[in-house]
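*Asks:* Need coordinates for the below:
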Amino acid sequence: MVDKKYMKYTLRIPVEGDMSLLYYHGSSSQSPSSINYMSVTLQGQEIHFNYQIPANQLENIEGLFTVDISGYEFNTKILKSEIETYNKTLHGFISPLLDEREKEVSRNKSMISSIKIPIKRRTDVSHTYDIPEIRRKIDIKNISPKATVAEPTLPVVEYEYILKVMKSMAFAMERSPTTFMSLNEPQIRDFFLISLNGHYEGNATGETFNGAGKTDILIRYKDQNAFIAECLMWKGAEYLSEKITQLFGYITWRDTKTAINIFSTNKDLSGILDKIKEVMESHPNFKSKIKLQSVELQTETIFCYEFLHPTDKGKSILLTVMAFQIFKV
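*Replies:* Predicted coordinates:
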């Protein structure tokens, strides 16, 4: 057993600035010369150098202080220099992103001002349904007469109204292909949300159309999904099949009204329509074709199907596919 005497010292160095940066180091750094005797802690706006030095080495303590402080000064200078260099690059990185966002907002405003259909429902239109949170009233029905708690479901008439709103938005895209053909799926989705929110504008709580996870379009009522839709650019039958699987992955037991909007930049839309019908009717959950009630939706580019619910084969869901064409003539 070795008996040694030690002395403990704490050297406190005041620091200005963000103390959290001291947990990092630059591309180069110096280690304390007295690492065997010293530990460092951060307390408030101070660095504490905590020494425990053998009594027979106390004559070297001032030299240890000087070297250790010099090392930390060197480290902070390197760190400060590299932070300043990095910050100078941020403007060049962020500025183009802000410019592109500003251009996108400008394009959106120009598109909205050119649309010939109303973006919001007129105040003089009679309202048939009665849900206070949503500007256009939706009649939420109980899906099971035996249910002890009412479950929300979207009536077919309201489901078809939503489809007609999206169809009008898509027709505007077809009439202005130059504006829309370069957009990706999330950007196209945003235009549908703009139009749909004009018809189903919620109150301050935001119970309205919004993105939910990776779901493209969603209408919710009292925390329940009433309608779910996906938007996609045509990339072939296999991609459509993947999107159907993706859509069904979002669906819970309560979800029964869905849609997929397909946009094609190809001229051969007739051939694409045949492939769409083939994919839909060969799907393992396919049950039957459905004729929509609205005459406006009875077109050769809109198909409605009844599918077995992916989580409960005893239930059915409606899935409407609407195909549109956007390309330069």
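*Asks:* Longest helix in this structure, by number of residues?
*Replies:* In the chain, taking DSSP state H as the definition, the longest helix is helix 61-114.
*Asks:* distance between that helix and the chain's centre?
*Replies:* 25 Å (C-alpha atoms, centre = their mean, to the nearest Å).
*Asks:* what packs against it?
*Replies:* strand 6-14, strand 46-54, helix 185-199 (3 or more C-beta pairs under 8 Å, 6 or more residues apart in numbering; DSSP states H and E). Every residue, glycine included, has its C-beta placed from N, CA and C.
*Asks:* want to throw those into a markdown table with mean neighbour count and mean pLDDT?
*Replies:* Output for the helices and strands packed on helix 61-114, formatted as a markdown table (neighbours: other C-beta atoms under 10 Å; pLDDT from 0 to 100):
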| stretch | mean neighbour count | mean pLDDT |
| --- | --- | --- |
| strand 6-14 | 12 | 78 |
| strand 46-54 | 16 | 78 |
| helix 185-199 | 18 | 77 |
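*Asks:* Among those, which comes closest to Ser176?
*Replies:* Nearest to Ser176 among the helices and strands packed on helix 61-114 is helix 185-199; the distance by C-beta to C-beta comes to 10.8 Å.
*Asks:* Skip ahead from the longest helix of the chain and say which helix or strand is next.
*Replies:* Where DSSP states H and E defines the elements, the next helix or strand beyond helix 61-114 is helix 156-175.
*Asks:* how many neighbours does Ser282 have?
*Replies:* By other C-beta atoms under 10 Å, 10 other residues sit near Ser282.
*Asks:* ok, it to Ser294 distance?
*Replies:* 27 Å (C-beta to C-beta, to the nearest Å).
*Asks:* quick one, which of the helices and strands packed on helix 61-114 is nearest to Arg107?
*Replies:* helix 185-199 (9.6 Å).
*Asks:* Just list what the closest one packs against, helices and strands only.
*Replies:* helix 61-114, helix 156-175, strand 217-221, strand 224-233, strand 257-264.
*Asks:* lowest-confidence stretch among these?
*Replies:* In terms of average pLDDT, strand 217-221 trails the rest of the helices and strands packed on helix 185-199, at a mean of 74.
*Asks:* list the helices and strands it packs on?
*Replies:* helix 185-199, strand 224-233.
*Asks:* Measure how that strand sits relative to strand 224-233, angle-wise.
*Replies:* Angle between the axes of strand 217-221 and strand 224-233 is 170 degrees (criterion: axes from the mean of the first three to the mean of the last three C-alpha atoms, to 10 degrees).
*Asks:* strands paired with strand 217-221, and their directions?
*Replies:* Using DSSP bridges, the strands paired with strand 217-221 are strand 224-233 (antiparallel).
*Asks:* List the buried residues for the partner strand?
*Replies:* Going by neighbour count (16 or more other C-beta atoms under 10 Å), the buried part of strand 224-233 is Asn225, Ala226, Phe227, Ile228, Ala229, Glu230, Cys231, Leu232.
*Asks:* and the residue nearest to the last one when sequence neighbours are not counted, how far is that from Leu319?
*Replies:* With sequence-adjacent residues excluded and distances taken as C-beta to C-beta, 6 or more residues apart in numbering, Leu232 is closest to Lys243, at 5.2 Å. Computed as C-beta to C-beta, the Lys243 to Leu319 distance reads 11 Å.
*Asks:* Tell me the residues that contact both of these two, please.
*Replies:* Ile260 (C-beta atoms under 8 Å, 6 or more residues apart in numbering).
*Asks:* So which bits of the strand ranked longest in the chain are buried?
*Replies:* Ranked by number of residues, the top strand in the chain under DSSP state E is strand 312-325. Buried positions in strand 312-325, judged by neighbour count with 16+ other C-beta under 10 Å: Lys315, Ser316, Ile317, Leu318, Leu319, Thr320, Val321, Met322, Ala323, Phe324, Gln325.
*Asks:* Repeat that for stretch 240-260.
*Replies:* 240, 243-244, 247-248, 250-251, 255-260.
*Asks:* For it, output the C-alpha coordinates as PDB.
*Replies:* Taking Å, rounded to 0.1, in the frame of the first residue of the first chain, the C-alpha atoms of stretch 240-260 are listed here in PDB:
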ATOM      1  CA  LEU A 240     -49.600   2.300 -59.700                       C
ATOM      2  CA  SER A 241     -49.900  -1.100 -58.000                       C
ATOM      3  CA  GLU A 242     -47.300   0.000 -55.500                       C
ATOM      4  CA  LYS A 243     -49.300   3.200 -54.800                       C
ATOM      5  CA  ILE A 244     -52.500   1.200 -54.200                       C
ATOM      6  CA  THR A 245     -50.600  -0.900 -51.700                       C
ATOM      7  CA  GLN A 246     -49.300   2.300 -50.100                       C
ATOM      8  CA  LEU A 247     -52.700   3.800 -49.900                       C
ATOM      9  CA  PHE A 248     -54.100   0.700 -48.300                       C
ATOM     10  CA  GLY A 249     -51.300   0.900 -45.800                       C
ATOM     11  CA  TYR A 250     -52.700   4.200 -44.600                       C
ATOM     12  CA  ILE A 251     -56.300   2.900 -44.200                       C
ATOM     13  CA  THR A 252     -57.600   1.900 -40.800                       C
ATOM     14  CA  TRP A 253     -60.700  -0.100 -40.100                       C
ATOM     15  CA  ARG A 254     -62.800   3.100 -40.100                       C
ATOM     16  CA  ASP A 255     -61.600   4.400 -43.500                       C
ATOM     17  CA  THR A 256     -64.000   3.600 -46.400                       C
ATOM     18  CA  LYS A 257     -63.700   6.500 -49.000                       C
ATOM     19  CA  THR A 258     -60.500   6.800 -51.000                       C
ATOM     20  CA  ALA A 259     -59.100   8.100 -54.400                       C
ATOM     21  CA  ILE A 260     -56.000   8.100 -56.600                       C
END
